[in-house]
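> Test case, fold it:
(chains A and B)
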Protein chains: 2
Amino acid sequence: MKRERTGNNKFLKRLNQMRILNALREHGAISKIELSKITGLSPTAIGSITSELQEQGYIHETGKGESKGGRRPKLLELKPRSFYSVGVDFDVDYMDLVLVDITGQVIDQISHKVPKWDSVEKVAEKFELMVAQVIDKYSIQRQKLLGLGVSIPGLVDSNRAEIIMAPNLGWKNINFKYLLNQFKDVPLYIENEAMASAIYESWLGSCRGIENFVCINIKSGIGAGIFINGKLYRGVSGTAGEIGHIVVYENGPRCGCGNYGCVETLASAGYIEQRARKMARQGVSIKLSSFKDIDSISIDDVAVAARNGDEASTNILKESGKYLGIAIASIINMLNPKKIVLGKKFTRYADIVLDTVKAVVECKALKFPAADVEIVASEVGDRASTIGAALTPIIERIGGHSCTWNICS
Amino acid sequence: MKRERTGNNKFLKRLNQMRILNALREHGAISKIELSKITGLSPTAIGSITSELQEQGYIHETGKGESKGGRRPKLLELKPRSFYSVGVDFDVDYMDLVLVDITGQVIDQISHKVPKWDSVEKVAEKFELMVAQVIDKYSIQRQKLLGLGVSIPGLVDSNRAEIIMAPNLGWKNINFKYLLNQFKDVPLYIENEAMASAIYESWLGSCRGIENFVCINIKSGIGAGIFINGKLYRGVSGTAGEIGHIVVYENGPRCGCGNYGCVETLASAGYIEQRARKMARQGVSIKLSSFKDIDSISIDDVAVAARNGDEASTNILKESGKYLGIAIASIINMLNPKKIVLGKKFTRYADIVLDTVKAVVECKALKFPAADVEIVASEVGDRASTIGAALTPIIERIGGHSCTWNICS
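Now for the predicted structure:
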């Protein structure tokens, strides 16, 4: 009985710590009185818990607040560079890594090309090397590392931190932790890439304070992270947000899923690149045809050509926007969200395509939900999912509205 | 200060009453000890609150539980026929009404044809007459009527109990309460029809205990009620679930929304009837062509003809199943639900079409979410939304997992 009570107390204490840490995350530097009001905890409880958090180094006193007659109250805030987290985004031919501190501030970032044929063991080895380098560079002690967050373009079991299937990487049923050596003992979190982006947008990006939004990642495929009632929505088997296979053109190209005309066969950045290369070969686009290595034409090249007046490139991009708009109209009708954020490679050509997307949505979605939705490009380009992955160990410690782990569910 | 505290106490008391009533709803007849375990309330609190609820007539003692050595504990349950609620489902040419008691048991039901050209004032008048008749028939005192629940095929503001827009009924911006005379003082709840069906499926139907499911209503249009994490999901402007406009055939027929090939132009019961009548006129279907009044051919006639071997009717129905399957595949990919319930007129021909729907979903949806979803026809035919509407005043009193009103949000 005594043991059980101790367990409960520990749990409650952690929960109360999380309430305080999360309030500081949301409100910045605030006084203990404000903390008490926000969290509903008594001033005595606030006093003892904040003392402990200060001792542990999570928070510190900063400046002084406005006086309402008596002494000016001291303000508390999350202590920058006190604790850290590393996030990584794996894809077919690269890994992107960021180091963030407990406030979510990005301290450093590294990109690394990975040969496509590298095994998952090799990738894990390289990943550990990069983590070691970055924490050495900033002399971060191991106990100051809250954890490692991994973003995967595929199906994951985030509760067990396992990769179920990442078709583009050729990974299946992988317990990534088993592959680690020197960081085996650091908490590891695995997140789906689009969901990681949505976590970023909710915590630090353009969806702060927005309860219902959809974050759409556009690269070789198209996927979404969905927030509903302030929480990441995973669905029953963790696959919610697979919007890439909404059929937008019944007789369209065959998709890897077996269907025809899925939106990712007509509007993904990968599809745009393929089509641009084909046009370059056919000589339809003078600008693209002048490339020495047509196979290397990237989405950035297509965007640059379009900006320089290349009609074929503009058409390819705008057509992708049309099909994306059709799929987004369905999403708006179905989910009636407040905001839609278009991320990853879309941000490279958003200036050319976003208006088309919006126009198609205005024409295709129902009036009421369309009037209430805002459609924007992500502000951080490709990095939302990397930072989102880095946030997952911090969320686990701090909790908060976007927390989807057991403790808050 | 004292006043505030009294207010808080009242609120807490109501909340605790709801916890108990809802536990009894979910678990049936149980002892006070079990109630204490389930609700987390102390035995003393359980004792005083259940006494009061017994006095008020909401609950009663029933039979005796199994003894674990000592005296056999008395069991408590919701008292059947103690309190009542009336639900109504309005549509173009009918109103369906049910009387239910606090346990959700349907006591009576009445259907009434309404001339299409009737004004909303006339409809409200007729509705009051029907309510008065049914409560008179069962000698129900006014204070035993928890409220009236109204299901509308359109956009509603359930918080303000207002009808924003019901295109098929020709109603716009209507405060239905203002139109009432003798029941002005009875609590009134307005619910979207598909959402009302979803409430029914969650409380009494085939989705009890299921957190994530989609209830699709098929009649003249197609709409859905979505449950996410155990709660009805309304979206930002209350329009979530407008799946009727998912485009399933880019060059399909023009829809009322302005698009082409929306699923409701190819798979609604209204569309099936239209097509059947056209075929009857063209003599394509011998069975349907033999109808004296071709304009009166209903979905039931088409289903009967199909069951009697009429190929044209079977084809029309199965084709609607194909398009429905395509839309459902998108819903499954996007929301990864545990269950999909197909309701309203679909239940009249589910035996002919459900297999086609499932086969198309298996072919078109992604494997993982498709493997975890169950697709069924509703067990109560057209009546899910009527009963769901009747449940809304009870939910307001009892609370519970599907409650979406302020008190639980």
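> CA atoms for contacts and neighbours, from now on please.
Fine.
> Now tell me which helix or strand of chain A has the poorest mean pLDDT.
None of the helices or strands of chain A scores lower by mean pLDDT, DSSP states H and E than helix A:2-27, at a mean of 80.
> wait, does it make contact with chain B?
No: Helix A:2-27 lies out of reach of chain B by C-alpha under 8 Å from any C-alpha of the partner chain, never closer than 14.6 Å.
> Can you list the neighbours in contact with the very next helix or strand once past that helix?
Using DSSP states H and E, the next helix or strand after helix A:2-27 towards the C-terminus is strand A:30-31. Taking contacts as C-alpha atoms under 8 Å, 6 or more residues apart in numbering or on different chains, the residues outside strand A:30-31 that touch it are A:24, A:65, A:73-77.
> which among those gets closest to chain B?
Distance ranking of the contacts of strand A:30-31 against chain B, using C-alpha to the nearest C-alpha, places A:L24 first at 23.6 Å.
> Can you pull the domain assignment for chain A?
Here the domain parsing of chain A from automatic domain parsing is A:2-78, A:84-200+A:385-408, A:208-270+A:317-378.
> any idea of the mean pLDDT in the last one?
Pointing back at domain A:208-270+A:317-378 there. Averaged over domain A:208-270+A:317-378, pLDDT sits at 94.
> thinking again about what came up before, just the buried positions in the least confident helix or strand of chain A, please.
Using 16 or more other C-alpha atoms under 10 Å in any protein chain shown as the burial criterion, the residues of helix A:2-27 that qualify are A:14-25.
> distance between it and the chain's centre?
26 Å (C-alpha atoms, centre = their mean, to the nearest Å).
> And for stretch A:46-60?
How far stretch A:46-60 lies from its chain's middle: 29 Å, per C-alpha atoms, centre = their mean.
> So A:S85: helix, strand or coil?
What DSSP: H, G, I helix; E, B strand; the rest coil gives for A:S85 is strand.
> So it sits against A:L146, correct?
Yes: counting by C-alpha atoms under 8 Å, A:S85 does reach A:L146; the two are 5.5 Å apart.
> Deepest in the core, which of the domains of chain A is it.
Of all the domains of chain A, domain A:208-270+A:317-378 has the most neighbours on average by mean count of other C-alpha atoms under 10 Å in any protein chain shown, namely a mean of 23.
> Does chain B have contacts with it?
Yes: against chain B, domain A:208-270+A:317-378 shows contacts by C-alpha under 8 Å from any C-alpha at A:212, A:234-243, A:245-250, A:257-259, A:330, A:333-338, A:363-366, A:368-369, A:372.
> What's the per-residue pLDDT of A:C408 here?
So, for A:C408, pLDDT stands at 31.
> Which residues are in contact with the spatially most central residue of chain A?
In chain A, the residue lying closest to the centroid (C-alpha atoms, centre = their mean) is A:S197, at 1.7 Å. By C-alpha under 8 Å, 6+ apart, the contact list for A:S197 reads A:215, A:217, A:225, A:343, A:384-389.
> and what of A:E250?
Applying C-alpha under 8 Å, 6+ apart to A:E250 gives the contacts A:260-261, B:248-250.
> ok, now A:F83?
Taking C-alpha under 8 Å, 6+ apart as the test, what A:F83 contacts is A:58, A:101-102, A:144-146.
> how about these, which pair is most distant?
Maximum pairwise distance among these (C-alpha to C-alpha): 12.1 Å, between A:Y58 and A:L145.
> hang on, the earlier thing: out of the residues of domain A:208-270+A:317-378 next to chain B, name the ones that lie in strands.
In strands, judged by DSSP state E, none of these are found.
> From chain B, how far out is the residue nearest to the centre of chain A?
Here the criterion is C-alpha to the nearest C-alpha, to the nearest Å. By it, A:S197 lies 17 Å from chain B.
> what's the nearest residue to that residue if we skip its chain neighbours?
Leaving out its chain neighbours, the residue that sits closest to A:S197 by C-alpha to C-alpha, 6 or more residues apart in numbering or on different chains is A:S385, at 4.0 Å.
> For that neighbour, give me phi and psi.
Phi and psi for A:S385, reported as degrees, to the nearest 10, are phi -70, psi -30.
> Wait, it touches A:E201, no?
No: here A:S385 lies out of contact with A:E201, judged by C-alpha under 8 Å, at a distance of 9.2 Å.
> coming back round to it: please enumerate the shared neighbours of A:S85 and A:L146.
Taking C-alpha under 8 Å, 6+ apart as the contact rule, A:S85 and A:L146 both touch A:393-394.
> Just put the contacts of strand A:30-31 in TSV and tack on distance to B:E273.
Putting the contacts of strand A:30-31 into TSV (distance: C-alpha to C-alpha, whole Å) gives the following:
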residue	distance to B:E273
A:L24	60
A:G65	70
A:P73	73
A:K74	72
A:L75	69
A:L76	68
A:E77	65
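> Return the subset of those lying in strands.
Judged by DSSP E, those include A:74-77 as members of strands.
> which of these has the weakest pLDDT?
Looking at the ones in strands among the contacts of strand A:30-31 by pLDDT, the weakest one is A:K74, with 87.
> For A:I272, the count of nearby residues, please.
Residues lying near A:I272 (other C-alpha atoms under 10 Å in any protein chain shown) number 23.
> Confirm it sits in a helix?
Yes: checked against three-state DSSP, A:I272 lies within a helix.
> so what's it up against?
Going by C-alpha under 8 Å, 6+ apart, the list of residues near A:I272 reads A:266, A:299, A:316-317, A:320.
> And A:M165, by the same measure?
A:154-156, A:171-173.
> For it, give its distance to A:C262.
20 Å (C-alpha to C-alpha, to the nearest Å).
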